[in-house]
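Engineer: Need a 3D model of the following:
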Amino acid sequence: MDLSRFPRRRYTQGPTPLEFLPNFTRALGGPRVWIKRDDMLGLNPGGNKTRKLEFLMGDALAKGADTLITCGAPQSNHCRITLSAAVKEGLKCRFIIEERVPGSYKVDATGNNFMFRLMGVESITVVPGGSNMAEAMQKAADEVRALGRTPYIVPGGGSNAIGGLGYVDCAQELQQQLAEMGLGIDHVVVGSGSSGTHGGLVAGFLGNNIRIPIVGIGVSRDPSDQDPLVLKEAQATLDLLGVDIKVPRESVVSHGDWWRPKYSVPNPAMIEAVQMLARTEAILLDPVYTGKIMAGLIGLSRKGYFKPTDNVLFLHTGGATALHAYESVLLGDPQAVA
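Structural biologist: Residues are numbered from 1 along each chain as shown. All right, here's what the predicted structure looks like:
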């Protein structure tokens, strides 16, 4: 699929690495686990939001924007990377932070909250969990317009059809890498949250006839709520591309057993996953997203969902900057785990 007709900024030179994890595979006892290192994308440090922002920023600049507005939770990787893109392009940036866990946002916290201040976010508005984030961002946009400036709203997680193009591009990049390596992958494991990464990847696989099952691991919702969002994002992305494909319902699969008790709240399976990958491969996961996604891969492996001889690809979507805000949890303080 031709992505060249869409405005785009490039923040990464070349494809992200695709690596085998021999020590982790041995510790798990199979399947054979591979990793796509999207944690090594550009933008301080990058992650899956970088791919989306290449297209979202291209659109923003084409429309003459001088201020980005976006939303996220406390310690939001998406907010950090959006701010990074704004700084790189000489734009201002404002956040709406949804405090889903009361009292969880602390302005002087480490991790991403520190990065917000260091990179000079223009303003942060904190709203209670359950707030209408679209309305809150629109209000912020109106305030920016009143100053004679031009706002651009980046949706939560960078998840819309334009952002989804980033993971169509990832699908095509992965297809090329697998062909060059002569590698057959049996399953791709991806996080499923705001749905743009999962949906964009589904669109990219369908549009490029990549017949590898995608296994989504929910980080905030159960499949009954999550799968329709992914289906909608995948279809919107294909429609934007002008591809005459209706997304089959069966192409969207997610599992919701590893995100509880709440979004962003630690659990023992996440802690095991973060420690296991760090101590076998020296690769860092984050507590909110990739830690729970890898917990899903581990859990499904132990349940026999994957064959011991399968090649399973884990899409690492970044986020390690947030680790420092969870040090006591990840190093074993039982009182810090829900």
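Engineer: Just the C-alphas of whatever helix or strand residue 54 lives in, formatted as PDB.
Structural biologist: According to DSSP states H and E, residue 54 maps onto helix 48-62. The C-alpha coordinates for helix 48-62 follow below in PDB (Å, rounded to 0.1, in the frame of the first residue of the first chain):
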ATOM      1  CA  ASN A  48       4.800   2.900  19.100                       C
ATOM      2  CA  LYS A  49       3.500   6.500  19.300                       C
ATOM      3  CA  THR A  50       6.500   7.600  17.200                       C
ATOM      4  CA  ARG A  51       5.200   5.800  14.200                       C
ATOM      5  CA  LYS A  52       1.800   7.300  14.600                       C
ATOM      6  CA  LEU A  53       3.200  10.800  15.200                       C
ATOM      7  CA  GLU A  54       5.200  10.700  11.900                       C
ATOM      8  CA  PHE A  55       1.800  10.900  10.100                       C
ATOM      9  CA  LEU A  56      -0.100  13.000  12.700                       C
ATOM     10  CA  MET A  57       2.700  15.600  12.800                       C
ATOM     11  CA  GLY A  58       2.800  15.700   9.000                       C
ATOM     12  CA  ASP A  59      -0.900  16.400   9.000                       C
ATOM     13  CA  ALA A  60      -0.500  19.000  11.800                       C
ATOM     14  CA  LEU A  61       2.200  20.900  10.000                       C
ATOM     15  CA  ALA A  62       0.300  20.700   6.700                       C
END
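Engineer: Excluding covalently adjacent residues, which one is nearest to the most centrally placed residue in the chain?
Structural biologist: The structure's the chain has its C-alpha centroid closest to residue 48; by C-alpha atoms, centre = their mean the separation is 4.6 Å. Spatial nearest neighbour of residue 48, chain neighbours left out: residue 317 (3.7 Å); criterion: C-beta to C-beta, 6 or more residues apart in numbering. In short, each C-beta sits where N, CA and C put it, glycine included.
Engineer: hang on, the one you found packs against residue 192?
Structural biologist: No. The pair residue 317 / residue 192 is not scored as a contact, 10.7 Å apart, by C-beta atoms under 8 Å.
Engineer: Comparing those two, which residue is more hemmed in?
Structural biologist: Remark: of residue 317 and residue 192, residue 192 carries more neighbours, 32 against 26, as counted by other C-beta atoms under 10 Å.
Engineer: what are the bridge partners for that one, then?
Structural biologist: Listed by DSSP bridges, the beta-bridge partners for residue 192 are residue 218.
Engineer: Wait, the residue nearest to the centre of the chain touches residue 290, no?
Structural biologist: No. The criterion here is C-beta under 8 Å, and residue 48 misses it with residue 290 at 9.6 Å.
Engineer: what is in contact with those two at once?
Structural biologist: Taking C-beta atoms under 8 Å, 6 or more residues apart in numbering as the contact rule, residue 48 and residue 290 both touch 191, 317-318.
Engineer: Nearest to residue 76 among the residues you listed?
Structural biologist: Using C-beta to C-beta, residue 318 is the member of the shared contacts of residue 48 and residue 290 that sits closest to residue 76, with 12.1 Å.
Engineer: Now for the residue lying closest to that closest one once chain neighbours are set aside, how many residues are close by?
Structural biologist: Leaving aside its chain neighbours, residue 318 sits nearest to residue 47 (2.1 Å; criterion: C-beta to C-beta, 6+ apart). A total of 27 residues lie near residue 47 under the criterion other C-beta under 10 Å.
Engineer: Now that we're looking at residue 141, what pLDDT does it have?
Structural biologist: On pLDDT, residue 141 comes in at 98.
Engineer: now residue 328
Structural biologist: We have a pLDDT of 88 for residue 328.
Engineer: Would you mark the buried spots in the host helix or strand of it?
Structural biologist: Applying DSSP H and E as the criterion places residue 328 in helix 327-330. By neighbour count with 16 or more other C-beta atoms under 10 Å, helix 327-330 contains the buried residues 329-330.
Engineer: okay, it in PDB with CA atoms only?
Structural biologist: The C-alpha trace of helix 327-330 is given here as PDB (Å, rounded to 0.1, in the frame of the first residue of the first chain):
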ATOM      1  CA  GLU A 327      10.900   1.200  41.400                       C
ATOM      2  CA  SER A 328       9.600  -0.100  44.700                       C
ATOM      3  CA  VAL A 329       7.000  -2.200  43.000                       C
ATOM      4  CA  LEU A 330       9.400  -3.700  40.500                       C
END
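Engineer: in the one helix or strand residue 143 maps to, what counts as buried?
Structural biologist: Using DSSP H and E, residue 143 sits within helix 133-146. Neighbour counts over helix 133-146 (16+ other C-beta under 10 Å) mark 133, 136-137, 140-141, 143-144 as buried.
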